[in-house]
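Engineer: Give the three-dimensional model of this entry:
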Amino acid sequence: MTIQQAIPIIQELANNQLVFAGLLQDANPEMILWRPQPEHWCLLEVVCHLYDEEKEDFRQRIKLILEDPTQPLPPFDPTKWVQERAYLAQDYTVKIAAFLKERTASITWLQSLTSPAWDNTYQHPKLGPMSAGLFLANWLAHDQLHIRQINRIKRAYLQQTTGIDLNYAGNW
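Structural biologist: Below you'll find the model as predicted:
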């Protein structure tokens, strides 16, 4: 990955901070814990996940690979964290603020990098070579995945709570 490829990704990560704030803040209290399906996450779980990923996944892994790609990456298990970290017991507003604060720290750090070696590669024992650039691009893809997820939750909530056919709005 070149610096010219990284700059727009970093800018979109910064822009997504505003997207997440707009999508998540001032949510209806009932919607925060509502699930479209029993096995799907609610908004509170999504926010807690975003916070944990921001703090312990992408920024941390990119930093490690840029500094010393021979060091093992710390283990993490986002699925287990839902229970282990008691996501459903967290304060929604506090978690949004914490996530947005971590995103600010991430963007500040990314923008401070001078000539980062985006091609530095960690040799993952199961997944093979993983470059810092791969993690940067996947960070943005992770944002996009959760923006889509949040919108799906909110649309399903609207459909269920109003009972109104939403097909006039367009194909979902």
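
Engineer: Remind me what the helix or strand containing residue 158 packs against, helices and strands.
Structural biologist: Here residue 158, judged by DSSP states H and E, is contained in helix 132-162. Taking 3 or more CB pairs under 8 Å, 6 or more residues apart in numbering; DSSP states H and E as contact, the helices and strands that helix 132-162 lies on are helix 3-24, helix 29-33, helix 43-53, helix 59-67. Every residue, glycine included, has its C-beta placed from N, CA and C.

Engineer: swap the cut-off to 6 Å and go again
Structural biologist: Identification of packing neighbours for helix 132-162 by 3 or more CB pairs under 6 Å, 6 or more residues apart in numbering; DSSP states H and E yields helix 3-24, helix 59-67.

Engineer: Just the buried positions in that helix, please.
Structural biologist: For helix 132-162, the buried set under the neighbour-count rule, 16 or more other CB atoms under 10 Å, comprises 132-140, 142-143, 146, 149-150, 153-154, 156-157.

Engineer: Mean pLDDT per helix and strand in this structure: which one sits at the bottom?
Structural biologist: Considering only helices and strands, the least confidently modelled element of the chain by mean pLDDT, DSSP states H and E is helix 78-84, at a mean of 92.

Engineer: immediately after it, which helix or strand?
Structural biologist: Under the assignment DSSP H and E, the closest C-terminal helix or strand after helix 78-84 is helix 92-112.
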